[in-house]
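K.L.:
model this:
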Amino acid sequence: MFYRDERLALFIDGSNLYAAAKSLGFDIDYKLLRTEFMRRGKLLRAFYYTALLENDDYSPIRPLVDWLNYNGFTMVTKAAKEYTDSMGRKKVKGNMDIELAVNAMELAPHVDHMVIFSGDGDYRPLVESLQRQGVRVSVVSTIRSQPPMISDDLRRQADNFIELDELRDVVGRPMRTDDNFAPAPAPAEPETTE
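P.N.:
As a prediction, this is how the structure comes out:
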């Protein structure tokens with residue numbers, strides 16, 4: 001539940017939201033997402049967290065980062081690290097949990113309601129701490145994917161769980177495919193491991 005007069009902040013775990021939307025078969029239109037939450041309350045900040053590959057001349061996420069930066073989002077980025085796992089597969093590591101938690105704690109005295117776009121159970125203690133400070137916390141993720149993309153502990157701790165699939169008609173757009181290319185306001189977020 002949202003109240004029109006409450007001060008609101010969004011915290012978007014980029015890779016987590018991308019994976020949840022992808023599992024449901026749609027992409028996020030970030031302009032529509034921002035507009036939807038401006039409608040729900042007094043939106044003070046919309047943070048977007050992502051790791052960028054440090055050695056790439058051209059990162060596939062760079063256009064998204066630039067677009068968001070110029071369209072009302074506060075970008076929080078850091079260099080992702082590439083490594084090879086024990087099976088010889090290349091992996092990317094770029095966890096942004098600490099950055100998101102620090103920003104949320106700093107902003108807590110200035111907002112009434114925070115919306116965290118992630119299903120990562122590591123955020124449960126953060127949500128609990130924010131609630132002790134009087135901040136209402138909503139979590140956006142999905143239980144409709146196989147497996148569910150949200151930790152049961154996080155879902156139970158949050159004041160409100162918002163099923164991402166129920167936002168599809170409000171903030172979604174069809175997924176881009178090679179056969180069905182359509183211009184989009186923002187490209188997809190690459191997947192990272194934590």
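K.L.:
Going by C-alpha atoms from here, please, whenever you check contacts or count neighbours.
P.N.:
Noted.
K.L.:
Now do the buried residues in the helix-or-strand element of the chain with minimal mean pLDDT.
P.N.:
In the chain, no helix or strand scores lower on mean pLDDT, DSSP states H and E than strand 90-93, which sits at a mean of 76. By neighbour count on 16 or more other CA atoms under 10 Å, the buried set for strand 90-93 is 92-93.
K.L.:
Please apply the same query to stretch 150-163.
P.N.:
150-151, 154-155, 157-162.
K.L.:
what's in contact with that stretch?
P.N.:
1, 118-124, 127-128, 136-143 (CA atoms under 8 Å, 6 or more residues apart in numbering).
K.L.:
buried residues in whichever helix or strand comes after the least confident helix or strand of the chain?
P.N.:
With elements assigned by DSSP states H and E, the helix or strand that comes after strand 90-93 is helix 97-107. Using 16+ other CA under 10 Å as the test for burial, helix 97-107 gives 97, 100-101, 104, 107.
K.L.:
swap in stretch 39-55?
P.N.:
For stretch 39-55, by 16+ other CA under 10 Å, it's 40-43, 45-53.
K.L.:
export stretch 99-108 as CSV, just CAs?
P.N.:
Output of stretch 99-108 as CSV, limited to C-alpha atoms (Å, rounded to 0.1, in the frame of the first residue of the first chain):
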residue,chain,number,x,y,z
GLU,A,99,26.4,-0.1,-1.7
LEU,A,100,22.6,-0.4,-1.7
ALA,A,101,22.5,-1.1,2.0
VAL,A,102,24.7,2.0,2.9
ASN,A,103,22.6,4.3,0.7
ALA,A,104,19.4,3.0,2.2
MET,A,105,20.6,3.5,5.7
GLU,A,106,21.8,7.0,4.9
LEU,A,107,18.5,8.0,3.3
ALA,A,108,16.3,6.4,6.0
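K.L.:
what residues does it touch?
P.N.:
Stretch 99-108 has contacts (CA under 8 Å, 6+ apart) with 11, 13, 49, 76, 123, 126, 130, 133, 135.
K.L.:
Relative to Trp67, how far out is Phe73?
P.N.:
With distances taken as CA to CA, to the nearest Å, Phe73 is found 9 Å from Trp67.
K.L.:
go on, Arg89?
P.N.:
Where Trp67 is concerned, Arg89 sits at a distance of 31 Å (CA to CA).
K.L.:
In terms of neighbours, single out the busier of the two.
P.N.:
Legend: neighbour count by other CA atoms under 10 Å for Arg89 and Trp67, higher for Trp67 (16 against 8).
K.L.:
Surely Asp29 and Arg173 touch.
P.N.:
Yes. Taking CA atoms under 8 Å as the definition, Asp29 is a contact partner of Arg173 at 6.2 Å.
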